[in-house]
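Participant: Below: sequence and its predicted model.
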Amino acid sequence: MGWRQIGEPKTKAFFLRKPTPDDPKFESATPTGEIQHFSTVVFATNLPELLGKLRIATVKRDAEIAEAEATRDARIQKAKAEEEGQKAELIRDTNIAEANKEKELKVASFKKEQDTAKAEADQAYQIQEAKARQLMVEEQMQVELVRQDREVDLQEKGILVRQMQYDAEVKKKADADKYAVEEAAEADKARKMREAEAMQYSIEAQAKANAEQKRLDGMAIADAERAKGTADAEVIRLRGFAEAEAKEKLAEAFQKFGEAAVLDIIVKMLPELAGKIAAPLSSIDKLTVVDTGNGEGAARVSNYVTQLMATAPEMLKNISGIDIEQLIKGITGKAEESAESHVHTPQKLNL
């Protein structure tokens, strides 16, 4: 370290000091020459020399400062240059990274487009394959439907053929049954005609003998009951028709051969008919009569059978077609004739 100026040289004398290792600091010097805290004090008497040295020290100091500043500036410039270089490298690396990124993005985009195109192609192939399978299934279903329709058609035709066969058999059987019914009806008709003729003959005999007439009438009733229910609806209809004609012929025979004899037979049948009418009353074990105060309760019970008997002529008329009232009126209104004038030979009934 060189000599340094202390203070300003305002007087002819000023002080300089040279720092020592023990006391590197200094405070100040006064114009009166008082030095405080300085270890070495030099009193300068040779001012020019001193000024020269001082100038040299100043120049040297300025040189050192300039050198330090130059070094500083150089370091700054170097740091800036290094910084700019690093920035340039960073920019370069960034640009390279961006370029690589853009490249990778473009590669990924190209790969995505390729994958998309491949997926679309695969999907289109799968769709076409599915359509082809669906078309094949539809064709198979169409073939199956045609086969089923054919089977249904064949089944319907088979059913139709069986139905026609069944109808033919049923018709054949119906024709046979009809023929049998007609034959049975004809036989029954012939039988009834014979029965009617026999009954007519019997009625003619009954005009002379009531006992024989009753027997023949019972036989006729028994034959009619026995014949009942032996044939179907056609036989029943024909039988009813034949019985109606037989009854008509029988009524004509009664008219011809003696209404008195017929009336006698009917009168003898009335007690039996009354017994059958009153038969349900015999099954009643207990009868309670309620009288409303008019005294008619018991009388109605006793008159019940009488009222039933009063319906007997109408019942007989509905069953046999014989009107007892008209028959009695006819008998009372006619003169008695000879029994032989009413006897005729049996005639054949045409049903």
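Facilitator: Looks like it came in fine. Residues are numbered from 1 along each chain as shown.
Participant: Please count neighbours and contacts with C-alpha atoms only from this point.
Facilitator: OK.
Participant: Tell me which other helices or strands the helix ranked longest in the chain touches.
Facilitator: Looking across the chain with DSSP state H, the single longest helix is helix 47-206. Judged by 3 or more CA pairs under 8 Å, 6 or more residues apart in numbering; DSSP states H and E, the packing partners of helix 47-206 are strand 4-5, helix 210-227, helix 233-257.
Participant: redo that, cut-off 7 Å
Facilitator: helix 210-227, helix 233-257 (3 or more CA pairs under 7 Å, 6 or more residues apart in numbering; DSSP states H and E).
Participant: same question for that helix, mean pLDDT?
Facilitator: For helix 47-206, mean pLDDT is 83.
Participant: Return the set of buried residues in stretch 73-80.
Facilitator: Residues of stretch 73-80 classed as buried by neighbour count (16 or more other CA atoms under 10 Å): none.
Participant: If you could redo that for stretch 146-164, that was the one I meant.
Facilitator: Here stretch 146-164 shows no buried residue, counting by 16+ other CA under 10 Å.
Participant: Kindly export that stretch (C-alpha atoms) in PDB.
Facilitator: Output of stretch 146-164 as PDB, limited to C-alpha atoms (Å, rounded to 0.1, in the frame of the first residue of the first chain):
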ATOM      1  CA  VAL A 146     -91.500 -71.900 -47.700                       C
ATOM      2  CA  ARG A 147     -90.900 -75.400 -46.300                       C
ATOM      3  CA  GLN A 148     -93.300 -74.800 -43.400                       C
ATOM      4  CA  ASP A 149     -95.900 -73.300 -45.700                       C
ATOM      5  CA  ARG A 150     -95.500 -76.400 -47.900                       C
ATOM      6  CA  GLU A 151     -95.900 -78.700 -44.900                       C
ATOM      7  CA  VAL A 152     -98.900 -76.700 -43.700                       C
ATOM      8  CA  ASP A 153    -100.400 -76.900 -47.200                       C
ATOM      9  CA  LEU A 154     -99.800 -80.700 -47.300                       C
ATOM     10  CA  GLN A 155    -101.300 -81.000 -43.800                       C
ATOM     11  CA  GLU A 156    -104.300 -79.000 -44.800                       C
ATOM     12  CA  LYS A 157    -104.800 -81.100 -47.900                       C
ATOM     13  CA  GLY A 158    -104.400 -84.200 -45.800                       C
ATOM     14  CA  ILE A 159    -106.900 -82.900 -43.400                       C
ATOM     15  CA  LEU A 160    -109.200 -82.100 -46.300                       C
ATOM     16  CA  VAL A 161    -108.800 -85.600 -47.700                       C
ATOM     17  CA  ARG A 162    -109.400 -87.100 -44.300                       C
ATOM     18  CA  GLN A 163    -112.400 -84.900 -43.800                       C
ATOM     19  CA  MET A 164    -113.800 -85.900 -47.200                       C
END
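Participant: Just the residues contacting it, thanks.
Facilitator: Stretch 146-164 is contacted by no other residue when judged by CA atoms under 7 Å, 6 or more residues apart in numbering.
Participant: what's the burial count for Val181?
Facilitator: 20 (other CA atoms under 10 Å).
Participant: With Lys192 instead?
Facilitator: 25.
Participant: mind listing what it touches?
Facilitator: For Lys192, counting by CA under 7 Å, 6+ apart, there are no contacting residues.
Participant: Please tell me how far it sits from Ala184.
Facilitator: According to CA to CA, to the nearest Å, Lys192 and Ala184 sit 12 Å apart.
Participant: Equivalent analysis for Glu49, please.
Facilitator: 189 Å.
Participant: now Gln155
Facilitator: With CA to CA as the criterion, Gln155 and Ala184 are 41 Å apart.
Participant: rewinding a little: comparing Glu49 and Ala184, which residue is more hemmed in?
Facilitator: A count of neighbours by other CA under 10 Å puts Ala184 above the other of Glu49 and Ala184, at 19 against 11.
Participant: For that one, give its distance to Lys178.
Facilitator: Taken as CA to CA, the span from Ala184 to Lys178 is 9 Å.
Participant: Equivalent analysis for Gly85, please.
Facilitator: 131 Å.
Participant: Over to Glu82?
Facilitator: From Glu82 to Lys178 the distance is 135 Å (CA to CA).
Participant: Those two: who's more crowded?
Facilitator: Lys178 (16 against 13).
Participant: And Tyr125, how close does it get to Lys157?
Facilitator: 47 Å.
Participant: With Ile91 instead?
Facilitator: Ile91 is 95 Å from Lys157, by CA to CA.
Participant: likewise Glu195?
Facilitator: Following CA to CA, the distance that separates Glu195 from Lys157 is 54 Å.
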